[in-house]
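Visitor: Here's a sequence, model it:
(one chain, ligands or ions: 3)
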Amino acid sequence: MDSSILIKGGRVVTAVDDYHADVWVRGEAVAAIGRDLDVRADRVIDATGKLVIPGGIDPHTHLDMPFGGTTSADDFESGTIAAAHGGTTTLIDFAVQTKGESTLAALDAWHAKAEGKATIDYGFHMIVTDMAKERLPEMTRLRDLGVTSYKLFMAYPGVLYVDDGVLYRTFRKAGEDGTRICMHAENGIVIDEIVREAYEAGHREPRWHALTRPTRMEAEGVHRAIAIAEVAGAPLYIVHLSSREALEQVRLGRARGVDVQAETCPQYLFLDDSVYERPGFEGAKFVMTPAIRPPGHQAALWQGLRFGDLAAVATDHCPFCFAGQKELGAEDFRKIPNGAPGVENRMSLMFHGGVVEKRISLNRFVELTSTAAAKTFGLFPKKGTIAVGSDADIVVFDPDRRRTIRASDPATHHMRVDYSTYEGFEIQGWSETVLSRGKVVVDRGSLVTRGGGRFVRRAGVGELLR
Ligand code: URP
Ligand code: ZN
Ligand code: ZN
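Guide: Ligands and ions are numbered 1, 2, ... in the order given. Coordinates of the predicted model:
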């Protein structure tokens, strides 16, 4: 007999609905929704005064990823536990193809990293670092294995960068197969020249990471990616979009009918480039690519979220400890590993900055943090909503609770990294109890189940996952 849970008396909010009801969970799925449900349940969760929302979906994380001469500090165990504490119940992480090797081997390697460790469900995008013509059939195989999106890089020459020929070839095959391209759109070749100039002029401090990455080079990358996708016939998703100029290119592409969407991340909404002026080497905590932008860009991105030009909010969670990892670049900004933590903070930040501060509606909050990613990346309607038959990935969210984020506070920081990107932020709205496929994983703030996360085979573009 399946175990059952009744979530009673909450305000159920999805991307389109908002009503008071009980939600009955039996086994792994939602079995019934209604007023004053008369059902037997092994456990009743009182959700009076709380929101009952779909578990968050973060479509952009880097767990246990070798990068920048080290490895991201959260693995699939710690990263998924932190995500669950923050109300996220599905991650889409990135498997990385080693240049010259099979993407299928990369997928096996990432399965080995995650299997048995993850506390919430996960999928993979495939990072393509080369795609010789002979290798193209691998992409169809990946699709059949449930990896229905790719990430390619115009940034990081010599590491993850691929040229426009590889972009076109991969885009074309992705389009033919009914899969999607995710693009890190920044002109890395030009940026590397600017970085060289800065280094030769004697600049070494973290702020030079930002000063060498003009927003115009992001906009150029977005423009080029859209043009290539348009010609190749591939659905496109721009990752971690950070600037007004880049957003304008997305708007233009969409206006002329190109299938392009874009995500942004909380760091580009909540921070400005004054973070690089912090004393000593502190600015290294914010060394990520794209860089944090000057004041003004943040309001433009919020507007993009509000008006629909930006489709989703991901974290690009790629944590490196300040001690021992960020410090690799203490004498040279080029050697600071790129990336920052955030998987635990996304839902609360977006609720606070979006709903409490009245920039977006409650429905849009759910859409941006869960439903949109589910639809874009082949997880809907199994995930991304609360409906009969959907996975019971559910968050009982307290919209009134206020807390301050501190890396030293075990109640607000479970990521395995020695600082918080949002240290000292006072936030209203916290995940209280979190269910992953019908199991309570976080119960009123405490982890009660670990290790039950499963790989999800995602559907292709425009297909439903049942
Ligand atoms: O700085 C970042 N964003 N690190 C992770 C890799 C990437 O570009 O997404
Ligand atoms: Zn990237
Ligand atoms: Zn990333």
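Visitor: Enumerate every residue touching the nearest residue to Asn363 once chain neighbours are set aside.
Guide: Taking C-beta to C-beta, 6 or more residues apart in numbering as the measure, Asn363 lies nearest to Ala15, with 5.6 Å between them; neighbours along the chain are not counted. C-beta coordinates here come from the backbone N, C-alpha and C atoms, glycine included. Contact partners of Ala15, counting by C-beta atoms under 8 Å, 6 or more residues apart in numbering, are Asn363, Arg364, Val366, Glu367, Ser370, Thr371, Ala372, Gly384, Thr385.
Visitor: Specify which member of those residues is nearest to ligand 1.
Guide: Using C-beta to the nearest ligand atom, Ala372 comes nearest to ligand 1 of the contacts of Ala15, at 18.9 Å.
Visitor: count of neighbours near the closest one?
Guide: 24 (other C-beta atoms under 10 Å).
Visitor: same thing with Asp391?
Guide: Neighbours of Asp391 under the rule other C-beta under 10 Å: 28.
Visitor: re the thing from before, the residue nearest to Asn363 and Glu357, how far apart?
Guide: 20 Å (C-beta to C-beta, to the nearest Å).
Visitor: now do Leu167
Guide: Leu167 sits at a distance of 38 Å from Glu357 (criterion: C-beta to C-beta).
Visitor: So these two - more neighbours on which side?
Guide: Neighbours were counted for Leu167 and for Glu357 using other C-beta under 10 Å; Leu167 has more, 23 against 11.
Visitor: Contact residues of the stretch 51-200 of the chain facing ligand 1?
Guide: Contact residues (C-beta under 6 Å from any ligand atom) of the stretch 51-200 of the chain with ligand 1: His62, His184.
Visitor: quick one: the strands in the stretch 51-200 of the chain?
Guide: Secondary structure of the stretch 51-200 of the chain (DSSP state E, counting those that start in this stretch): strands located at 51-54, 56-61, 66-67, 70-71, 88-96, 121-127, 149-153, 180-184.
Visitor: now the ones you listed in CSV, with mean pLDDT?
Guide: As requested, the strands of the stretch 51-200 of the chain are arranged in CSV below (pLDDT from 0 to 100):
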stretch, mean pLDDT
strand 51-54, 99
strand 56-61, 99
strand 66-67, 98
strand 70-71, 98
strand 88-96, 99
strand 121-127, 99
strand 149-153, 98
strand 180-184, 98
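Visitor: Tell me which of these lies nearest to Tyr419.
Guide: Across the strands of the stretch 51-200 of the chain, the minimum distance to Tyr419, taken as C-beta to C-beta, is reached by strand 70-71, at 15.4 Å.
Visitor: Return the distance of the closest one from the chain's centre.
Guide: 20 Å (C-alpha atoms, centre = their mean, to the nearest Å).
Visitor: which residues touch that strand?
Guide: Against strand 70-71 from outside (C-beta under 8 Å, 6+ apart): Asp64, Met65, Phe320, Gln325, Leu328, Pro337.
Visitor: Sheet-wise, list the partners of that strand with their directions.
Guide: Looking at strand 70-71 with DSSP bridges, its paired strands and their directions are strand 66-67 (antiparallel).
Visitor: What lies in contact with the partner strand?
Guide: By C-beta under 8 Å, 6+ apart, the residues outside strand 66-67 that reach it are Val96, Cys318, Pro337, Asn338, Gly339.
Visitor: Tell me who's in contact with the closest residue to the fourth one other than its chain neighbours.
Guide: What sits nearest to Asn338 in space, not counting adjacent residues and going by C-beta to C-beta, 6+ apart, is Thr289, at 4.7 Å. Thr289 is in contact with Ala155, Tyr156, His184, Glu186, His209, Arg213, Asn338, counting by C-beta under 8 Å, 6+ apart.
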